[in-house]
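Undergrad: Here's my sequence, what's the structure:
(one chain, ligands or ions: 1)
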Amino acid sequence: MALRESIARARNRLGRFRPVVAAGQILHREQLRPTRRRYRELGMSGPWFGLVSHSEVAGRGQGVALLDRPDGLAELEADPRFAALDASLQQGLREWPETGYLVAKGFFDAQEVAAANEEVDRFAASGRIQQHHLDPRYMNVHRESAAVAALAEDERALGLIELILGRRAGLFQTIYFQTGSQQEAHSDAFHMMTEPPGFLVGMWVALEDIDEGAGPVFYVPGSHRLPYLMSEDLGVPDPPPLLIADKGDAYVRRMRELVAGTETVKFTASAGDVLFWHHNLTHGGSGVTRPGATRRSLVGHYFARDVLCYHEVTERGALMPAGFE
Ligand SMILES: O=C(O)CCC(=O)C(=O)O
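TA: Numbers count the residues shown, from 1 in each chain. Below is the predicted model of the structure:
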């Protein structure tokens, strides 16, 4: 494990060298097909395999996500897909513009949840899937596990996400957690940004009953309406010419300041409960206070299909799954 970790850390350091990033992007030309198209549409001057950041692309894209628009609720309520939802989902969507999240209790049933956990355990035991090199999470297991894919690609979930965004959307990635992530407060926008902004929704699924001690996910209601915190807001000095700035620590510090004194809500949940969150909602993983507690859960991040998707933190275009467009 120590060797794997050292290799991973060395890889991360290498990933800050611009020429290495460019070479990596060229190697992933196919996965960058949607990104390349957006570069052209947005009239970007740099090469598609070069760096991309908010300060460069901001204002080039057109459109605002449906529930971020002042008239969004009225449009949503006129949509027959909205009328077909149950009353609690309708109410959650009505509150979204204020809260930035939607709780869907019992969205998945016990069999669906058990099937996903069973398949992940089986694939982990056989070595078919492996934990991420830095922490106890499995990336993109839905590509191996049909039971996890059934949750992540659920038509009802995708339908809700498309109603929120007012655009067609698709799954970008999943993360399966066996234990609490204890991840610092952040918004997905720093990691997975869109131009125009606001075109990502996160879906978090409880895969077992999760109490306070297990380190539930937390969120700050209404924080999606704060300005998006981007690289240019962090005051990080310009890096030497061939390097990409290391902004992670500065971001974490700013987010800690931002969250201090605000009302955070811990999402203690029953298996099958789901939390959807806005692109800019501040959230994270709270501390695990019961040693040894598991906290099985699945996160999916969904992008609108017709926007530029990129990683503000590492300044590169997003590698999209096959068939995303
Ligand atoms: O599950 C968690 O603890 C946090 C997950 C998260 O923040 C994310 O995937 O964006």
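
Undergrad: all contacts plus neighbour counts: C-alpha atoms, from now on.
TA: Will do.

Undergrad: what's the neighbour count on G59?
TA: 12 (other Cα atoms under 10 Å).

Undergrad: So what does it have for phi and psi?
TA: When read as degrees, to the nearest 10, the backbone of G59 gives phi 90, psi -10.

Undergrad: if you skip the residues just before and after it, what's nearest to the residue in the stretch 1-150 of the chain that the ligand sits nearest to?
TA: Residue nearest to the ligand within the stretch 1-150 of the chain (Cα to the nearest ligand atom): R137, separated by 9.6 Å. Across the structure, with Cα to Cα, 6 or more residues apart in numbering as the measure, the residue nearest R137 apart from its sequence neighbours is F177 (4.8 Å).

Undergrad: Could you do P97 as well?
TA: Nearest residue to P97, sequence neighbours excluded (Cα to Cα, 6+ apart): L67, at 5.8 Å.

Undergrad: Could you do Q90 as well?
TA: In this structure, Q90 finds its nearest non-sequential neighbour in F82, 6.8 Å apart by Cα to Cα, 6+ apart.

Undergrad: picking that back up, which residues touch the residue nearest to R137?
TA: F177 makes contact with P136, R137, Y138, R295, R296, S297, L298, according to Cα atoms under 8 Å, 6 or more residues apart in numbering.

Undergrad: distance of it from L165?
TA: Computed as Cα to Cα, to the nearest Å, the F177 to L165 distance reads 26 Å.

Undergrad: still on that earlier bit, same list (the contacts of F177) but as TSV, adding neighbour count.
TA: Formatted as TSV, the contacts of F177 follow (neighbours: other Cα atoms under 10 Å):
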residue	neighbour count
P136	15
R137	21
Y138	20
R295	24
R296	21
S297	28
L298	27
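
Undergrad: buried set for the longest helix anywhere in the chain?
TA: Assignment by DSSP state H gives helix 110-126 as the longest helix of the chain. Neighbour-count burial for helix 110-126, counted by 16 or more other Cα atoms under 10 Å, picks out E112, V113, A114, A115, A116, N117, E119, V120, F123.

Undergrad: Check which helices and strands it sits against.
TA: In this structure, helix 110-126 makes packing contacts with helix 146-152, judged by 3 or more Cα pairs under 8 Å, 6 or more residues apart in numbering; DSSP states H and E.

Undergrad: Pull the residues that contact the longest helix of the chain.
TA: By Cα under 8 Å, 6+ apart, helix 110-126 touches 129-130, 141, 145, 147-148, 150-151, 207-208, 271-272, 296.
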